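> this one's structure only:
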DNA sequence: CTTTTCAGAGTACAAGTGTACGCACAACCG
DNA sequence: CGGTTGTGCGTACACTTGTACTCTGAAAAG
């Protein structure tokens, strides 16, 4: 006996299938595929829709890619923001940030790889999207550093520049991390923390000049 | 009237066609194509050989890619090495290094993009190749920093870690540089220099602890 | 109710892909 | 010299790719 099916609105239905496409792509990334070897037909098949129906949702694979980066970037950004603006349970803030970020990288390898990779992609749109993300994170971080320095009464020179350095290091280390067997990952974490502290020291030193 | 043709040895001939393949790929990269959209058939055609003859030289496109990275990486490494170990004509060494490296990135955009991009590639071989390059450069730099610090009698803590940071920043900045219109590039250069100096200061500060 | 809209399916096609197989012919080796 | 080796070519095959076109059926609009 068939259960009465809810009649769903058109736009809701459309949004759902669209998300199916996004999810299918994400799943494929998660299992190690690279985004630009992913074909329209393939994601369509994985999402359970006809290849030609893809066009009802995205004009391009690039369109899908941008949505993907955007969705994941938002999650990432939020995560860092939260760490910075809430109690860090006794851990130093630098340590908390590094650990949180790396944790995210590890549990979302597929998407992280994509973001990191597309930040160096040939497709200008992708690059810009990734760059925007990094810049947003860098701004967040810079604001925080300045505020925190003011509270401690330590003059901090070039907060934004320091923040840029930190983000660059975190992302570069992130990639290396994903290639590292689990039992050596701590070393990367400690190194990254050391690197960030070094930059903090340098920034403070240059603030006093 | 036909000029007498030199009879060429087999291995020399083979080496030549192999290089034709490499050059064809490099040329395509230089004109903006991304390596992994490059097909075997395409490079074969550009090199002026039959598609199936490709296999006489490389087992894979990946094989070609590795050769490409290797050749270009060597050039890059050498360039930096030279800057570090020779008179820098009055410029500070940091400035000289940054300017030389960025110059190289700009005049070899295709290859640079490839190296930078493949350092985050899905293909583990590529990643490792790029990582090897970065580590070599980092070692070179670390050695130099230590030696130079010894000469000045300044204790330098964690030279290698500092060098890693510097390389990460240089490569990240390199990508941004390539996306920047010519008249704004100086800003990137100055920022990078500032970032490296900051790290130096930090490293010195931590060396005294 | 009727009419319109539009997400999705199906078919079809031209173009491009990697590569297996066999052949030609010049360089090499004994 | 004659036999072997190996680079390069051409053909052929089985796929995969993006997408143009047409059709269907149900939700939305009137």
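Structure's in. What do you need? Note that the coordinates shown come from a computational prediction; the quantities given were computed from them, not determined experimentally.
> top helix in chain A by residue count?
Ranked by residue count, the top helix of chain A under DSSP state H comes out as helix A:124-152.
> is chain B within reach of the helix or strand that comes right after that one?
Downstream of helix A:124-152, the first helix or strand assigned by DSSP states H and E is helix A:159-178. Yes: part of helix A:159-178 sits close enough to chain B to count as contact by C-beta under 8 Å from any C-beta of the partner chain, namely A:161, A:162, A:164, A:165, A:168, A:169, A:171, A:172, A:173, A:175, A:176. For glycine as for every other residue, the C-beta is placed from the backbone atoms N, C-alpha and C.
> those: which two are farthest apart?
Checking the residues of helix A:159-178 next to chain B against each other with C-beta to C-beta, the farthest-apart pair comes out as A:161 and A:176, at 23.2 Å.
> buried sites along the longest helix of chain A?
Buried residues in helix A:124-152, counting neighbours by 16 or more other C-beta atoms under 10 Å in any protein chain shown, are found at A:126-127, A:129-130, A:133-134, A:136-138, A:140-142, A:144-145, A:149.
> any idea which element residue A:185 lies in?
For residue A:185, the element it lies in under DSSP H and E is helix A:185-207.
> residue A:122 in helix, strand or coil?
Using DSSP: H, G, I helix; E, B strand; the rest coil, the structure places residue A:122 in coil.
> nope, residue A:32 is what I was after
Classification of residue A:32 using three-state DSSP returns coil.
> so what's the residue count around it?
Other residues within reach of residue A:32, judged by other C-beta atoms under 10 Å in any protein chain shown, total 11.
> ok, it touching residue B:124?
No: the pair residue A:32 and residue B:124 fails to qualify as a contact (C-beta atoms under 8 Å) at a distance of 9.9 Å.
> between the lowest-mean-pLDDT helix or strand in chain A and helix A:159-178, how many degrees?
Of all the helices and strands that make up chain A, helix A:109-118 has the lowest average by mean pLDDT, DSSP states H and E, namely a mean of 86. Interaxial angle of helix A:109-118 relative to helix A:159-178 (axes from the mean of the first three to the mean of the last three C-alpha atoms, to 10 degrees): 130 degrees.
> is helix A:109-118 up against chain B anywhere?
Yes: remark: helix A:109-118 sits within contact range of chain B at A:113, A:116, A:117, by C-beta under 8 Å from any C-beta.
> burial of the residue nearest to residue A:27 when sequence neighbours are not counted, as a residue count?
In this structure, residue A:27 finds its nearest non-sequential neighbour in residue A:46, 7.2 Å apart by C-beta to C-beta, 6 or more residues apart in numbering or on different chains. Using other C-beta under 10 Å, residue A:46 has 16 other residues around it.
> list phi and psi for residue A:46.
With angles defined as degrees, to the nearest 10, residue A:46 shows backbone torsions of phi -60, psi -30.
> what do you get for the one 3 residues further on?
In this entry, residue A:49 is assigned phi and psi values of phi -120, psi 170 (degrees, to the nearest 10).
> so it versus residue A:28, what's the distance?
Per C-beta to C-beta, to the nearest Å, residue A:49 is found 15 Å from residue A:28.
> so what's residue A:173 scoring on pLDDT?
The predicted local confidence for residue A:173 comes out at a pLDDT of 94.
> quick one, what contacts it?
The contact partners of residue A:173, by C-beta atoms under 8 Å, 6 or more residues apart in numbering or on different chains, come to A:102, A:188, A:191, A:192, A:195, B:168.
> which of these are close to DNA strand C?
Taking C-beta under 7 Å from any atom of the strand, there is no overlap between those and the neighbourhood of DNA strand C.
> can I see the domain layout of chain A?
Under the assignment named as automatic domain parsing, the residue ranges that make up the domains of chain A are A:9-58, A:65-207.
> okay, those in CSV with distance to DNA strand D next?
Converted to CSV, these look like this (distance: least, C-beta to the nearest atom of the strand, whole Å):
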stretch, distance to DNA strand D
domain A:9-58, 3
domain A:65-207, 12
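> can you say which of these is nearest to residue B:54?
Ranking the domains of chain A by their distance to residue B:54 (criterion: C-beta to C-beta) puts domain A:9-58 first, at 19.5 Å.
> indicate whether the closest one makes contact with DNA strand C.
Yes: Domain A:9-58 lies within reach of DNA strand C by C-beta under 7 Å from any atom of the strand, at A:10, A:13-14, A:16-18, A:48-53, A:56-57.
> just the pLDDT for residue A:6.
So residue A:6 comes in at 56 (pLDDT).
> then residue A:79?
pLDDT recorded at residue A:79 is 89.
> was I right about it contacting residue A:100?
Yes: taking C-beta under 8 Å as the contact criterion, residue A:79 and residue A:100 are neighbours in contact, 6.0 Å apart.
> weakest of the domains of chain A in terms of mean pLDDT?
Ranked on mean pLDDT, the bottom entry among these is domain A:65-207, at a mean of 91.
> for it, the distance to its chain's centre please.
Between the mean C-alpha point of domain A:65-207 and the mean C-alpha point of its chain there is a distance of 9 Å (C-alpha atoms, centre = their mean, to the nearest Å).
> direction-wise, compare the strand or helix carrying residue A:26 with helix A:109-118 and give the angle.
If you go by DSSP H and E, residue A:26 is part of helix A:10-30. The directions of helix A:10-30 and helix A:109-118 differ by 80 degrees, with the same axes, to 10 degrees as the criterion.
> neighbours around the nearest residue to residue A:53 once chain neighbours are set aside, how many?
Using C-beta to C-beta, 6+ apart and skipping residues adjacent in sequence, the residue nearest residue A:53 is residue A:44, 6.8 Å away. Applying other C-beta under 10 Å, we find 20 residues neighbouring residue A:44.
> could you look up the SS state of residue A:44?
Recorded secondary structure, residue A:44: helix (three-state DSSP).
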